[in-house]
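**Student:** output the structure for:
(2 chains)
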2 protein chains.
Amino acid sequence: MTGTAIGIGVGPGDPELMTLKGARILSGISVVAYPAPETGDSLARQIAGSHLPQDATEIIIRMPLSANRFPVEVVYDRAAEEIGVHLGAGRDVAILCEGDPFFYGSFMYLFARLAKNWPVEVVPGVSSLTACAAVSRKALAALNDVLTVLPATLPNEVLRERLTATDAAAIIKVGRHLPRVRTLLTDMGLADQAEYIEHATMEDEDHSTLNELGDAKAPYFSMILLHRRGNAWA
Amino acid sequence: MTGTAIGIGVGPGDPELMTLKGARILSGISVVAYPAPETGDSLARQIAGSHLPQDATEIIIRMPLSANRFPVEVVYDRAAEEIGVHLGAGRDVAILCEGDPFFYGSFMYLFARLAKNWPVEVVPGVSSLTACAAVSRKALAALNDVLTVLPATLPNEVLRERLTATDAAAIIKVGRHLPRVRTLLTDMGLADQAEYIEHATMEDEDHSTLNELGDAKAPYFSMILLHRRGNAWA
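**Tutor:** As a prediction, this is how the structure comes out:
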């Protein structure tokens, strides 16, 4: 009897936004794996930690700050190997994923490696997309709307083209791209309809319209939501 | 002291995919409102029912089968009025929403009416989008991918244009549009990368590649997910 790897979306930040299923599985798990920065705490572990049994074995997948120094493929290969040892011994392994496992997450790297040899299950979670919409207090999209999710890492010409061809958009991974994206949206006359949200559902959550936003730096967990029709459904 | 209206995303179908926060709020609520068809049971009520106190007052918002016979605006006006009576008397009212309240949901109609006069909170939920990705066992999108959500109700020329300009797509509300969308995707050479999912996370969940799918009718809760690069991350 081999164990099962279970990718669990732990939600956007508020520990109460975990699913009942995720919490139930974690409360009976013997091995848990999660991503963490090169130094410091894991956000996924912080979100889900209260559900873990005290004697659970923890596999910390530390991501190198610079991919040049140490290829991430090696990190995932090693993590999959370590997880596989437990699976082979019949122990289930929960893999914690910020937000949802399959929405722009790194879980796919482990999934691809593990699913070749082991049973893998996926428990979806609340994504940053719907968490940010709740914080912004506006519908993401409705009825016949086209909704486009755009990583801020894309070049301006791609962003401009896609923004022109959609009703609603979520610009994710804003971070250090904020000044450029903000200028682009202002140039396109879209800044009035744009909401900026950071750390949605976390203790230091903040949001404002893009126009009202000061010159503060955006953290990695930040998003811009916009809708061409503004609040048309009111 | 007025009450607060709380829109709660109850997730895609599996009652265990409700959030801890949603379950906690419902277990202490005195009034709950939810959408239902003209006759028959409410899916949102079925998902969340086990958390409701036995003596909770229930407001059933029945949607007319034909909008011509009875405008939906009147339905929402009346529901908001009935909810408002409880809020005015200091009672919180939970409003159950399938999936997530702000992801193509009808909650926005109530939100727009209630937020003018009362405090309204929104608890995000697991959307059908990430639930379907979990069922299909493929990442929705990753890295620099553009992800486009397209209602199947859109005309072919719009779907074709948007599908050409995206890396990944979720075609939602497939239902009776399945034959037309399927022909379009086949014509575009995208059927091989397309996964069809119905009733994700419910007891009668089903999924297959679009090519393998028989001639069965698609229910309202069905989705097609596709990615231009297929399983490129494996």
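**Student:** next one: the residue nearest the centre of chain A from chain B, what distance?
**Tutor:** Geometric centre of chain A, nearest residue: A:G99, 4.3 Å, by C-alpha atoms, centre = their mean. Going from A:G99 to chain B by C-beta to the nearest C-beta, to the nearest Å gives 8 Å. In short, each C-beta sits where N, CA and C put it, glycine included.
**Student:** check which residues of the longest helix along chain A are buried.
**Tutor:** Taking DSSP state H as the criterion, chain A has its longest helix at helix A:72-88. By neighbour count on 16 or more other C-beta atoms under 10 Å in any protein chain shown, the buried set for helix A:72-88 is A:V75, A:Y76, A:A79, A:A80, A:I83, A:G84, A:H86, A:L87.
**Student:** chain neighbours aside, what residue packs nearest to A:H227?
**Tutor:** Leaving aside its sequence neighbours, A:H227 sits nearest to A:A168 (C-beta to C-beta, 6 or more residues apart in numbering or on different chains; 4.6 Å).
**Student:** tell me what that neighbour is bridged to.
**Tutor:** A:L147, A:H227 (DSSP bridges).
**Student:** roughly how far apart are it and B:T186?
**Tutor:** The gap separating A:A168 from B:T186 is 28 Å, by C-beta to C-beta, to the nearest Å.
**Student:** looking at the two, which is more packed in?
**Tutor:** Neighbour totals were compared for A:A168 and B:T186, and A:A168 leads with 22 against 14 (other C-beta atoms under 10 Å in any protein chain shown).
**Student:** if we can go back for a sec, surely the residue nearest to the centre of chain A and A:G105 touch.
**Tutor:** Yes. With contact defined as C-beta atoms under 8 Å, A:G99 counts as touching A:G105 (6.5 Å).
**Student:** hmm, back to that, check contacts around the residue nearest to A:H227.
**Tutor:** By C-beta atoms under 8 Å, 6 or more residues apart in numbering or on different chains, the contact set of A:A168 is A:L140, A:A141, A:D145, A:V146, A:L147, A:T148, A:L225, A:L226, A:H227, A:R228.
**Student:** got it, and A:I60?
**Tutor:** Here A:I60 is in contact with A:A33, A:Y34, A:A36, A:S42, A:R45 (criterion: C-beta under 8 Å, 6+ apart).
**Student:** next one: A:L178
**Tutor:** Residues near A:L178 by C-beta under 8 Å, 6+ apart: A:A152, A:K217, A:A218, A:S222.
**Student:** now the helix or strand it falls within, how far from the centre of its chain.
**Tutor:** Using DSSP states H and E, A:L178 maps to helix A:178-187. Here the centre of helix A:178-187 is set off from its chain's centre by 23 Å, with C-alpha atoms, centre = their mean, to the nearest Å.
**Student:** could you pull out the buried residues of that helix?
**Tutor:** A:L178, A:V181, A:R182, A:L184, A:L185.
**Student:** and for stretch A:200-207?
**Tutor:** Those would be A:A200, A:T201, A:M202, A:E205, A:H207, for stretch A:200-207 by 16+ other C-beta under 10 Å.
**Student:** okay, how far is it across it, tip to tip?
**Tutor:** One end of stretch A:200-207 sits 8 Å from the other (C-alpha to C-alpha, to the nearest Å).
**Student:** neighbouring contacts of it?
**Tutor:** A:11-14, A:17, A:128, A:131-132, A:134-136, A:195-199, A:221, A:223, B:124.
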